[in-house]
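*Asks:* Okay, predicted coordinates and the sequence, questions at the end:
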Amino acid sequence: MMVLTNLADDELLRLAASGAEEAFGVLYQRRQGAVYRFALQMSGSSFIAEDVTQEIFLMLLNDSSSYDAKRGTLASYLYGVARRLVWRRMAQSRSHFPLAVVEGEDGRTPEHLVAFPEMERDLARDEALRSLRRAILALPAGYREVVVLCDLHELSYSEAAQVLGCAIGTVRSRLHRARALLAERLAVKTSSASRCLV
Amino acid sequence: MNCIEFENVVVAIARGEVMDAALIRPGLAHAEACGRCAHRLASEKTLSEVMAFAVAEDSAREAPPRVGQMLLGAFRERRVAAQRRRRTWLRRVLTGSIAALLVFGAAVALRKTVDTRAAKMSTALSAAQDIGADAETAGEVMTDFIPLVYDPAPIGRGSLVRVELPRAALSAFGLPVNEDRNEDLVQADLLLDDDGLMRAVRFVE
C-alpha cells in the first residue's frame, strides 16, 4: 500500500484494470472526495452526489479504457464525466432544484451543508457561507460550473477549460461574470459578515 | 487606469492571481481614487474570503463509506467473473487443442496406412513385372499388370501363367473392347503367388 500511494493515477488505473483491488482502493480514496464535492456543490443534493460518485467509479471499473491519458489527466476526466452526470440527474429529477434543496422545510441550511460545529458558533461566517452556497446554486449552469471548478476546487483556467471543453478565455469571462453576480447577491447579506471575516 | 480597465483586473486582484505588477499597482491606485471601484474590489475580496472558508469547510467532505464498500464489492464480483471467464476460455482452448491433436494424429495414422498399402501394392506389382519380364518376347504388346486384390502382400516368389480369355474380359478391367470381336480370345498373363492365388493380370497382343 505504501508503494501504491506513490503511483500516478494512470498507473493505479492500469493495475486496477488488471485486478489489483488495493490499486483501485487507493485510486478511489484519492479521487472520490473531489468528485463527490463537485457533484454536491453543483447539485446541492447529497443523493445526487453519492449516485454520481458511485456511477463514475463503476464506469471506471467496467471500462477503464474510456479514459485516454493522452487527452488529459484522470482528475480532469472525472470532473468532465461528473459534470455530465450531474446535469443528467438534475434534468431527470426536477425535485432537486437547487434552492429547494439548500434550504430545509424550516428555511435553515440542511445539516450536510453545514459542517464543523465550532463554525456554527460564528453566526456571521455561517451566514456568509450559507448565502454563498445558496447564491452559487442559483447561478446559471454555465456560471455555476466555472465557480465550482475555479474557486471551490481551485483548478486553473486551463484545467477548467479542459473539463468544460471550451476556451480559456470563455472560462475567464464566465468566472468574471459569475463572481460579479455572486458579489452582488452577497453584498447586502455579507456586509456585516465580511467585517467579521477580515 | 479607468473603471472599464479596472473591471478587467478586479477578479484577478481579488483572487490573488499571479499577474503583472504593472497591472496591479494601477488597479489598486484606481480603486483608491474611485469609490465605486473600491466597493467593487471590496466585494470581490469578501467573496474570495468566503470562498476560501467554503473550500476549507468542504475539504473534509467525502462520499459516504457505503459508496466505497459497494464499489469494492463490485470490484471483487468483477474479478471473480473475469477469473471465471478466463477459466472457461482456458478450458475451451485446452479442449480445442486436444481435439486438434486427435484429428492430427488420426490424419497421420491414416496417411501412414495408405502409404503402407501403396508401398505394398507397388512392391507386388514391381515383383510381378520382374517375374513377367522373362516371359516377354519381342513383338508382343502388353498392358501393365493390373492388381486383382486390393492389398496384395509382397510377393517373394511366384509364377506367370499364360491363358486365353474372351475379349469381353477386357471390359471388366476398364479396357476398350470392340463389341464385334467379343467372341474372340485374347491372351493374358496371370501372376500367381506361392499359394496359387491370382495376384495380377496383364493382357498380351
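*Replies:* Cool, the structure landed. On a predicted model such as this, the values are computed, not experimentally measured, just so you know. Numbering: from 1, shown residues only, chains lettered A, B, ... in the order given.

*Asks:* Quick check: buried residues in stretch B:158-171?
*Replies:* Buried residues in stretch B:158-171, counting neighbours by 16 or more other C-beta atoms under 10 Å in any protein chain shown, are found at B:G158, B:L160, B:R167, B:A169, B:L170. Just so you know, the C-beta spots here come from the backbone N, C-alpha and C atoms, and that holds for glycine as well.

*Asks:* actually stretch A:42-57, not the one I wrote
*Replies:* A:42-46, A:48-57.

*Asks:* Could you work out the most separated pair of the buried residues of stretch B:158-171?
*Replies:* B:G158 and B:R167 (25.8 Å; C-beta to C-beta).

*Asks:* Of the buried residues of stretch B:158-171, which belong to helices?
*Replies:* Residues of the buried residues of stretch B:158-171 located in helices (DSSP state H): B:A169, B:L170.

*Asks:* Serialize the buried residues of stretch B:158-171 to TSV and add fields for distance to chain A and pLDDT.
*Replies:* Below are the buried residues of stretch B:158-171 laid out as TSV (distance: C-beta to the nearest C-beta, whole Å; pLDDT from 0 to 100):
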residue	distance to chain A	pLDDT
B:G158	74	75
B:L160	79	82
B:R167	82	83
B:A169	78	81
B:L170	76	81
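
*Asks:* Packing partners of the lowest-mean-pLDDT helix or strand in chain B?
*Replies:* Lowest by mean pLDDT, DSSP states H and E among the helices and strands of chain B is helix B:65-133, with a mean of 78. When contacts are defined as 3 or more C-beta pairs under 8 Å, 6 or more residues apart in numbering or on different chains; DSSP states H and E, helix B:65-133 packs onto helix A:21-43, helix A:46-62, strand B:146-147, strand B:158-166, strand B:185-193, strand B:198-204.

*Asks:* and of these, who's closest to A:E127?
*Replies:* helix A:21-43 (18.4 Å).

*Asks:* And the residue of chain B most remote from its centre, how close does it get to B:F6?
*Replies:* Note on chain B: the largest C-alpha distance from the chain mean falls to B:A33, namely 81.7 Å (C-alpha atoms, centre = their mean). According to C-beta to C-beta, to the nearest Å, B:A33 and B:F6 sit 10 Å apart.

*Asks:* For B:C37, the count of nearby residues, please.
*Replies:* 20 (other C-beta atoms under 10 Å in any protein chain shown).

*Asks:* tell me the angle the least confident helix or strand of chain B makes with strand B:198-204.
*Replies:* Per axes from the mean of the first three to the mean of the last three C-alpha atoms, to 10 degrees, the angle that helix B:65-133 makes with strand B:198-204 is 60 degrees.

*Asks:* mind listing what the most centrally placed residue in chain A touches?
*Replies:* Centre of chain A computed as the mean C-alpha position; nearest residue by C-alpha atoms, centre = their mean is A:F38, 1.2 Å away. Neighbour list for A:F38: A:Y79, A:A82, A:R83, A:V86, A:V148, A:L149, A:H153 [criterion: C-beta atoms under 8 Å, 6 or more residues apart in numbering or on different chains].

*Asks:* check which helix or strand covers the second one.
*Replies:* Assigned by DSSP states H and E, A:A82 falls within helix A:74-92.

*Asks:* Is that helix positioned near chain B?
*Replies:* No. Helix A:74-92 does not reach chain B (C-beta under 8 Å from any C-beta of the partner chain); its nearest approach is 11.6 Å.

*Asks:* Tell me the buried residues in that helix?
*Replies:* Those would be A:74-83, A:85-86, A:89-90, for helix A:74-92 by 16+ other C-beta under 10 Å.

*Asks:* Make a markdown table out of those residues and add pLDDT and distance to B:T95.
*Replies:* Listed next are these as a markdown table, based on pLDDT from 0 to 100; distance: C-beta to C-beta, whole Å:
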| residue | pLDDT | distance to B:T95 |
| --- | --- | --- |
| A:L74 | 90 | 41 |
| A:A75 | 91 | 46 |
| A:S76 | 91 | 46 |
| A:Y77 | 92 | 41 |
| A:L78 | 93 | 43 |
| A:Y79 | 94 | 48 |
| A:G80 | 92 | 45 |
| A:V81 | 93 | 41 |
| A:A82 | 94 | 46 |
| A:R83 | 93 | 48 |
| A:L85 | 93 | 44 |
| A:V86 | 92 | 49 |
| A:R89 | 89 | 47 |
| A:M90 | 85 | 52 |
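
*Asks:* so which of these comes closest to chain B?
*Replies:* Set against chain B, the nearest of the buried residues of helix A:74-92 by C-beta to the nearest C-beta is A:A82 (11.6 Å).
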